[in-house]
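1. return atomic coordinates for the entry below.
(one chain, ligands or ions: 1)
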Amino acid sequence: MDECIREIHAANDAAGFWEQLYRGKGSVWKDTANPLLAETARHLTPGHALDLGCGEGGDTRWLATHEWHVTAVDIAPTALQRTSRLAARNGLENSVRTEQHDLAETFPSGAFDLISAQYLQTPYAFPRASVLRRAAHALRTRL
Ligand SMILES: C[S@@+](CC[C@H](N)C(=O)[O-])C[C@H]1O[C@@H](n2cnc3c(N)ncnc32)[C@H](O)[C@@H]1O
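-> As a prediction, this is how the structure comes out:
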């Protein structure tokens, strides 16, 4: 672990950790969709989707390509820039908006037809149950 990452951990700085991860590399994840997302969403009527922890936008791009409007959320500004750029490269900029949130603190407002959180993982404390509760409330079709 280099000194910079060590300091970020000591400060319990989740945003710093993830931003550092993205800035340190040209790309981190594959830009293709996660199979579970694609397999699930392809049976649904497109509407407004929320992609939590969108990373570099592979799932967001897939959804927008399949006629969804997508709000893509991440804690890391560089991840959100890459998501926007990937959407723009595919002519999908009108279907994608990005919002920066630390989901441990804040949650996007609005109602959504699909909420996805593929590999939303972090080495920091994360209030999974309360994020899930907020997601359930934000779903148009209640579980
Ligand atoms: C393992 S990556 C998965 C990215 C993407 N969903 C994918 O499957 O390629 C986890 C993502 O969650 C984001 N993340 C971690 N903690 C977060 C938090 N507290 N709030 C919002 N996003 C967070 C990270 O920045 C990272 O982009």
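
2. please make it C-alpha for all contacts and neighbour counts, starting now.
-> Noted.

3. hmm, who's touching the longest helix anywhere in the chain?
-> As assigned by DSSP state H, the longest helix anywhere in the chain is helix 77-89. Residues outside helix 77-89 that contact it (CA atoms under 8 Å, 6 or more residues apart in numbering): 19, 22-23, 54-58, 60-61, 64, 72-74, 93, 96-100.

4. tell me the mean pLDDT for that helix?
-> Helix 77-89 shows a mean pLDDT of 98.

5. please list all residues in contact with residue 139.
-> 111, 112, 113, 114, 115.

6. hey, where'd the strands end up in this structure?
-> In the chain, the strands defined using DSSP state E lie at 48-52, 69-74, 96-100, 114-116.

7. nearest to the ligand among the contacts of residue 139?
-> Closest approach between the contacts of residue 139 and the ligand, by CA to the nearest ligand atom: residue 115, at 11.8 Å.

8. any idea what that closest one is bridged to?
-> As for beta bridges, residue 115 partners with residue 50 under DSSP bridges.

9. about what we covered before: quick check: angle from the longest helix of the chain to strand 96-100?
-> 180 degrees (axes from the mean of the first three to the mean of the last three CA atoms, to 10 degrees).

10. enumerate the positions of helix 77-89 that are buried.
-> Neighbour counts over helix 77-89 (16 or more other CA atoms under 10 Å) mark 77, 78, 79, 80, 82, 83, 84, 85, 86, 87 as buried.

11. the second one and residue 17: what is the separation?
-> In other words, residue 78. Per CA to CA, to the nearest Å, residue 78 is found 12 Å from residue 17.

12. thinking again about what came up before, and the ligand, which of the contacts of helix 77-89 reach it?
-> 54, 55, 74 (CA under 6 Å from any ligand atom).

13. any low-confidence regions in the chain?
-> 1-11, 142-143 (pLDDT under 70).

14. up against the ligand, what does it have?
-> For the chain, the residues in contact with the ligand (CA under 6 Å from any ligand atom) are 18, 29, 53-55, 74-76, 101-104, 118-122.
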